[in-house]
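Student: this one's sequence-less:
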C-alpha cells in the first residue's frame, strides 16, 4: 500500500510537469551582418547601444526609397537619444564601416573600476563612447571621460577594457 501511494504521488507530480506551457522566445533575431555584432558588442554594452547595433546589423538598403542597382554605396544615419551611427553599406546590404558616438551611457564595470582605482576622489561628470568599425577587421572602441573633483576637471581616454590611453 505504501509503494502504491508513493507511485500515485510520483505520477501526479510528473503529469503536472508536462502540463506547463513551453516558453516561446519572441526575441530571436536573424542577423545579416553578424560579424559586426560580434565585433562591436561586448559583455557589458549599454542597452540602447545594443538595440541600435541590432538595427544597424539587420538593415536592408533594398527597402530604401532611393535604392537603385546602379549605386554601389549607401550611407545611412541612425539616431537615438543617446547617440548616433553613420553606417556605410554596399548594394547587397553588407555593412562596410560605421562611425558611432554615444553620450552619457552606462559605463562597463572595467572602466568604472579603473577610474575609481586611479582617481579615487573624482566623479565622472560626462562620458562619450566612440566606435569606429571597418569590415576589414579594424575596430576602435574608446571611452572619453570628463572627471571632476571640486573645481578641478580632467579629461581621460580609455579602451573598453579599462586601460588608459
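Tutor: Everything's here; your move. What you see is a predicted model, and the numbers here were worked out from it, not measured in a lab.
Student: can you tell me the centre-most residue of this protein?
Tutor: Taking Cα atoms, centre = their mean, the centroid of the chain lies closest to residue 50, which sits 2.6 Å from it.
Student: wouldn't residue 109 be in contact with residue 44 here?
Tutor: Yes. Under the criterion of Cβ atoms under 8 Å, residue 109 lies in contact with residue 44, with a separation of 6.0 Å. Any C-beta I mention is one placed from the backbone N, CA and C, and that applies to glycine too.
Student: would you map the strands across the chain?
Tutor: 73-80, 83-90, 95-103, 123-134, 139-149, 152-158 (DSSP state E).
Student: need the ones you listed in JSON lines with mean pLDDT and mean neighbour count, can you?
Tutor: Formatted as JSON lines, the strands of the chain follow (pLDDT from 0 to 100; neighbours: other Cβ atoms under 10 Å):
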{"stretch": "strand 73-80", "mean pLDDT": "93", "mean neighbour count": "13"}
{"stretch": "strand 83-90", "mean pLDDT": "95", "mean neighbour count": "19"}
{"stretch": "strand 95-103", "mean pLDDT": "96", "mean neighbour count": "18"}
{"stretch": "strand 123-134", "mean pLDDT": "96", "mean neighbour count": "17"}
{"stretch": "strand 139-149", "mean pLDDT": "95", "mean neighbour count": "17"}
{"stretch": "strand 152-158", "mean pLDDT": "96", "mean neighbour count": "13"}
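Student: got the ones you listed as JSON lines, with distance to residue 33 columns?
Tutor: JSON lines is the format used below for these (distance: least, Cβ to Cβ, whole Å):
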{"stretch": "strand 73-80", "distance to residue 33": "12"}
{"stretch": "strand 83-90", "distance to residue 33": "9"}
{"stretch": "strand 95-103", "distance to residue 33": "4"}
{"stretch": "strand 123-134", "distance to residue 33": "10"}
{"stretch": "strand 139-149", "distance to residue 33": "14"}
{"stretch": "strand 152-158", "distance to residue 33": "27"}
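Student: of all those, which one comes closest to residue 36?
Tutor: Taking Cβ to Cβ, strand 95-103 is the member of the strands of the chain nearest to residue 36, at 5.0 Å.
Student: tell me the gap between the closest one and the middle of its chain.
Tutor: Using Cα atoms, centre = their mean, to the nearest Å, we find the averaged C-alpha position of strand 95-103 to lie 12 Å away from the chain's own average C-alpha position.
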